[in-house]
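Asker: Need coordinates for the below:
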Amino acid sequence: MRTRLFFQLSVIFVFLLFSVSVVWAPPRFYDYGNGTVIDFFTGLVWLKNANCTDNVGGVSKASGLLNWTDALKWDSGLATGVCGLSDVSQAGDWRVPTIDELKSLFCWPGTPAWLYNGCDGSNTYNPNGAYPFDWLKSLGFMSVQPYGYWSSSASPGYPDNIFGVDMFYGSVFIDYKSTNYYVWPVRVDNYVRVDGTPNYFYHSLQNAFDNVFDDSVVRTRGVTFTENLSLNRVVDLKLFGGYSADYSNHDGVTTINGDLTIDKGSLVVDRVVIR
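Answerer: Modelled structure (predicted):
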């Protein structure tokens, strides 16, 4: 029998039982089919085309290369309708990634050893190393260039010196803002995160609940709830409003618009408003 729950404030406990189902592990990267690719390990959404040359925000990018100031302006002006985007994003949603975000594309367990190891900051040479640009293209990204990409991170104490990543070597470099490099826009999305090592991100609450283990903590960010949530495995789950991740921080109360309908299961809700 379904239990319909209406939450407004505080903590509400709902205790139910449910049966066993198969746990499915999604891939690291997922192509939304709207010009974007999400990384489920970081929750970051990347432009699928790593070298879009459209004119954006009044900035010409015909060659693909921009100085750092123009790169910031070009990224912040990016919106649906250009660069193959149909994701309803608006100007201001996109930005230049931090150096850690940029490195997260190819610095995680199980990736190849790169020609130069920029992942640990040493840039150690590996004569048998692979090339990040080639590997990222094999994962579904388009037009990844075998050259340098800007980050938004300045060298400590030297605000005119900006970090970047060379997608041919896999190394990290520092250069002046006036130099021209490529840029790979990133944004965050409204999604669901399950706490863990590493954290993992899902499309929806249902998708998360179908795949988590006992005592999991699920966090929502900007979710509009329109589904009937069916908990069908014997696990205890905690659902928290707000959002916190390695690369960004947006703590607070999440509003879920609609009815939360649970078939079976056990759920703890905190800092979530359901209307």
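
Asker: Please make it C-alpha for all contacts and neighbour counts, starting now.
Answerer: Noted.

Asker: Backbone dihedrals for residue 149, both of them.
Answerer: phi -120, psi 140 (degrees, to the nearest 10).

Asker: Beta-bridge partners for it, please?
Answerer: residue 165, residue 182 (DSSP bridges).

Asker: okay, now it: neighbour count?
Answerer: For residue 149, the count of nearby residues is 27 (other C-alpha atoms under 10 Å).

Asker: Now find how far off-centre the top helix by length along the chain is within its chain.
Answerer: For the chain, the helix with the greatest residue count under DSSP state H is helix 68-77. Distance, stretch centre to chain centre, for helix 68-77: 20 Å (C-alpha atoms, centre = their mean, to the nearest Å).

Asker: outside of it, which residues touch it?
Answerer: 56-59, 90-96, 150, 152, 177-181, 183, 185 (C-alpha atoms under 8 Å, 6 or more residues apart in numbering).

Asker: in the stretch 51-200 of the chain, which ranges drop under the pLDDT threshold?
Answerer: 189-191, 197 (pLDDT under 70).

Asker: Strands along that one, start to end?
Answerer: 116-117, 124-125, 148-155, 158-166, 171-176, 186-188, 192-194, 200-202 (DSSP state E, counting those that start in this stretch).

Asker: so how far is the first one from its chain's centroid?
Answerer: On the basis of C-alpha atoms, centre = their mean, the separation between the geometric centre of strand 116-117 and that of its chain is 24 Å.

Asker: Residue 149 and residue 207, how far apart?
Answerer: 34 Å (C-alpha to C-alpha, to the nearest Å).

Asker: And for residue 59?
Answerer: From residue 59 to residue 207 the distance is 39 Å (C-alpha to C-alpha).

Asker: before we move on, what about residue 185?
Answerer: 27 Å.

Asker: Just want to know which of the two has more residues nearby.
Answerer: Set side by side, residue 185 and residue 207 show more neighbours around residue 185, with 26 against 15, by other C-alpha under 10 Å.

Asker: for that one, what are its contacts?
Answerer: With C-alpha under 8 Å, 6+ apart, residue 185 has these contacts: 46-47, 50, 75, 94-97.

Asker: Mind doing that once more with 7 Å?
Answerer: When contacts are counted by C-alpha atoms under 7 Å, 6 or more residues apart in numbering, residue 185 touches 46-47, 75, 94-97.

Asker: residue boundaries of the helices in this structure?
Answerer: 68-77, 99-104, 132-138, 205-209.

Asker: confidence score at residue 207?
Answerer: If you check residue 207, the pLDDT there is 78.

Asker: With residue 251 instead?
Answerer: 53.

Asker: same deal with the one 5 residues further on?
Answerer: Looking at residue 256, its pLDDT stands at 62.

Asker: same thing with residue 38?
Answerer: At residue 38, pLDDT is 89.

Asker: and it, bridged to which residues?
Answerer: Going by DSSP bridges, residue 38 forms beta bridges with residue 30, residue 45.

Asker: what about it, distance to residue 108?
Answerer: 15 Å.

Asker: again with residue 185
Answerer: Taken as C-alpha to C-alpha, the span from residue 185 to residue 108 is 20 Å.

Asker: From the centroid of the protein, which residue is nearest?
Answerer: residue 44 (1.3 Å; C-alpha atoms, centre = their mean).

Asker: unless I'm mixing things up, it is touching residue 38, no?
Answerer: Yes: taking C-alpha atoms under 7 Å as the definition, residue 44 is a contact partner of residue 38 at 5.8 Å.

Asker: domain assignment for this protein?
Answerer: Following automatic domain parsing, one gets these domains for the chain: 3-27+191-274, 44-187.

Asker: So what's the residue count around the closest residue in space to residue 198 that isn't next to it in sequence?
Answerer: Leaving aside its chain neighbours, residue 198 sits nearest to residue 41 (6.6 Å; criterion: C-alpha to C-alpha, 6 or more residues apart in numbering). Residues near residue 41, counting by other C-alpha under 10 Å, number 19.

Asker: same thing with the one 10 residues further on?
Answerer: Here the neighbour count serves as a burial measure; for residue 51 (other C-alpha under 10 Å) it reads 20.

Asker: Let me see the contact set for it.
Answerer: Contacts of residue 51 by C-alpha under 7 Å, 6+ apart are 64, 143-144.
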